[in-house]
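**Student:** Here is the input, now give the coordinates:
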Amino acid sequence: MKALYQKYRPYYQDSLRLAIPVVISQLGHTLVQTADSIIVGHFAGTIPLAAVALANSIFVLALVIGLGISYGITPLIAQHNGRNEHEECGQLLSNSLIINIVTGISLFVFISFGSVLIIGHLGQSAEVVRQAKPYLFLLGISLIPLLVFNTFKQFAEGLGFTKQAMMISIWGNLLNICLGIIFVKGLLGISPMGIRGVGYSTLIDRCTMAVVMTLYVFRSKHFRNYLKNFAIKNIDKVRSLKILKIGAPVALQYTFEISAFSGAAILIGTISPVAQAAHQVAISLASLTYMAASGVSAAAAIKSGNFFGAKRHQELRLAAISNYHIVIVFMSVTAIIFTLGNHLLPWIYTSDNSVILIAAHLLIIAAFFQLFDGTQVVGLGVLRGMGDVNIPTIITFIAYWIIGLPVGYVLGISYKLGVEGVWYGLVLGLLTASALLFMRFQIIGRKHQFKIPVIVAQD
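**Tutor:** The predicted model follows:
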C-alpha cells in the first residue's frame, strides 16, 4: 500500500487540488433541489414533497441535457491549453455561450409546452400533479441563467481555475435556502407561497450566479490572454460542431442515466405518494454523493484533456487511475454513512414516519451502489477528456435502458417487490456501466500509452 501511495501521490495531490472546488460547485446544482425538498418536506408536507419529486424527476432530464452540452467546451479548452493555443480558447467560449443560451431557451420551451402538458397523464396523484406544475415551470425558466453560469464555469475550470465557481455556488445556495424559507413559510410580510416559493428562490439564485460568474471571467486578469478572440461575431460552424460533438454525446450519457432514475420515480409514483416521497428523500441523498463524484470526474476530464493534448499518455493513465482511487475511497465512506444513518438521515427531509421507514430501506440499497455510481462517472470523465464520447454513450444506454430500468420494472411492478425492486434494477444498471466503462478506458488508454494506432469515436 505504501509503494502504491508513493507511485500515485503527486497525482492524488494534483487531482484533489482541482477536484475539491469542482466537487463543491457541482454539489451546488443538486443542493438547490435538495434544499427545495427539505424546505417543502418540513414546511409544506408529504403531498408537496411528492410534487417536488415528480417535478424534479422531469426537470432533471432537461437539466442534465443542458449541463452535458455545456461540458463540451471543457476538454477542448484543456487540450488547447495543454498545447499553449490560448487565443483559440476565447473563440471556443464565444461559440459555447451562444450554444448554451439557445439550449437553455429550447429546454425551457420543452418544459413549458411539453412536460407541463403530459405531466397529468403519467398515472400520478391529481393533487401532486396540480402542485408540481407551477414549480416545474419556474425551474424551466431558471435553466437559462444556469447554463450561462455553467458556460463560464466550464471555461474557467478547463483552464484549471476551479475555486471561484465553488465560492459562487456556496453563496448562491445560501441565498436559495434563505429565500426558499421566506417564500414557502411566508415571512417578512410575504404571503406563504407553498411549493411555488422554492421555484422563485431557485430562479433568483441562478440569475444571481450567472451575473457574478460572467463578471468574474471578464474582469479577472487570469483570462485576458484567453479572451482576446472572444466576440459574438466569432461564431462559426467548425468550432460549434467541435463543441457539440463532445457536448451532445455527454448530454446523452447523463440523459440515459438520469432518465432511468426519473423513469423509476414515475414507476414508483404509480405505487403510492408515500413511496414517491420516500424515493425523493433517498435519491436526494444519493444525488449529493453522485454530484460529488461527478466533480472528481470533471477534474479527471480536465487532467486527461491536458495530458492528451500534450501527448503525455503515461501521465494521463496515472492521473486517471488516481481519480479512480479517490472516488472509491470517497464513495466507500458515504456508503458507510448511508448504512449507519439510514434511519436518521431521512429526518433531514421529513418527519413523516411512513416515508422515513421506506427511505431507510432505500438508503441501504443506495449504500450498495455507491461504488458503482462513483466509478462509472469517473470513467466517463476520463474518456471525455480523451475525446472518446460516442462508445461510452452507447454503453450508458445499454446499462440503464436495456438492463437497469426494465429489470427494475419487472422486479418492482411485475413481481410486486415495490420501490425496492425498482431500485435493485438501478443497481444492476450502475454495475454494468461501471464495468464496461473501465474496460473501455483500459483498452483505449493502453493503446495510446504504447503508441499502438487506435480508432476512437472522435477520430
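
**Student:** Just checking, which helix or strand succeeds the helix or strand bottoming out on mean pLDDT in the chain along the chain?
**Tutor:** In the chain, the helix or strand scored least confidently by mean pLDDT, DSSP states H and E is helix 116-118, which has a mean of 66. Using DSSP states H and E, the helix or strand that follows helix 116-118 towards the C-terminus is helix 126-158.

**Student:** So which elements touch that following helix?
**Tutor:** helix 2-43, helix 46-70, helix 73-82, helix 86-110, helix 116-118, helix 163-185, helix 195-219, helix 273-309 (3 or more Cβ pairs under 8 Å, 6 or more residues apart in numbering; DSSP states H and E). Every C-beta, even on glycine, is put in place using the N, C-alpha and C of the backbone.

**Student:** Show me how far that helix is from its chain's centre.
**Tutor:** 13 Å (Cα atoms, centre = their mean, to the nearest Å).

**Student:** What distance do you get for the one residue sitting closest to the centre of the chain to residue 142?
**Tutor:** For the chain, the residue nearest the mean C-alpha position is residue 291 (5.4 Å; Cα atoms, centre = their mean). The gap separating residue 291 from residue 142 is 17 Å, by Cβ to Cβ, to the nearest Å.

**Student:** And the contacts of the strand or helix carrying residue 394?
**Tutor:** In the assignment (DSSP H and E), residue 394 maps to helix 390-397. Applying Cβ atoms under 8 Å, 6 or more residues apart in numbering, the external contacts of helix 390-397 come out as 249, 252-253, 256-257, 379-380, 383-384, 433, 436-437, 440, 456-458.

**Student:** Could I get the full set of helices for the stretch 351-459 of the chain?
**Tutor:** Using DSSP state H, counting those that start in this stretch, the helices of the stretch 351-459 of the chain run over 353-385, 390-397, 405-409, 418-449.

**Student:** Deepest-packed of those helices, please.
**Tutor:** Highest mean neighbour count among the helices of the stretch 351-459 of the chain (mean count of other Cβ atoms under 10 Å): helix 353-385, with a mean of 24.

**Student:** any idea of the angle that helix forms with helix 46-70?
**Tutor:** Here the directions of helix 353-385 and helix 46-70 differ by 0 degrees (axes from the mean of the first three to the mean of the last three Cα atoms, to 10 degrees).

**Student:** Quickly name whichever of the contacts of helix 390-397 is closest to residue 188.
**Tutor:** Among the contacts of helix 390-397, residue 257 lies closest to residue 188 (Cβ to Cβ), at 40.2 Å.

**Student:** The closest one: how many residues sit nearby?
**Tutor:** Neighbourhood size, residue 257 [other Cβ atoms under 10 Å]: 26.

**Student:** Make sure it is actually in contact with residue 432.
**Tutor:** No. If you go by Cβ atoms under 8 Å, residue 257 and residue 432 don't touch, sitting 11.3 Å apart.

**Student:** list residues touching both of the two?
**Tutor:** Counting by Cβ under 8 Å, 6+ apart, the residues touching both residue 257 and residue 432 are residue 399.

**Student:** Enumerate every residue touching the nearest residue to residue 433 once chain neighbours are set aside.
**Tutor:** Nearest residue to residue 433 in three dimensions, chain neighbours excluded: residue 399, at 3.7 Å (Cβ to Cβ, 6 or more residues apart in numbering). Neighbouring residues of residue 399 by Cβ under 8 Å, 6+ apart: 256, 257, 376, 429, 430, 432, 433, 436.

**Student:** and if we set it to 6 Å?
**Tutor:** 429, 432, 433 (Cβ atoms under 6 Å, 6 or more residues apart in numbering).

**Student:** wait, isn't the last one in contact with residue 376?
**Tutor:** The one in question is residue 433. Yes. Counting by Cβ atoms under 6 Å, residue 433 sits close enough to residue 376 to count as a contact (4.2 Å).

**Student:** shaky segments in the stretch 301-450 of the chain?
**Tutor:** Residues of the stretch 301-450 of the chain meeting the criterion pLDDT under 70: 309-310, 445, 448-450.

**Student:** now residue 274, nearest residue through space, not along the chain?
**Tutor:** residue 354 (5.2 Å).

**Student:** My read is that the one you found contacts residue 273, right?
**Tutor:** No. Residue 354 lies out of contact with residue 273 (Cβ under 6 Å); the separation is 10.2 Å.

**Student:** what number of residues lie near the residue nearest to residue 108 when sequence neighbours are not counted?
**Tutor:** The shortest distance from residue 108 to any residue other than its chain neighbours is 4.5 Å, reached at residue 140 (Cβ to Cβ, 6+ apart). Residue 140 has 27 neighbouring residues, counting by other Cβ under 10 Å.
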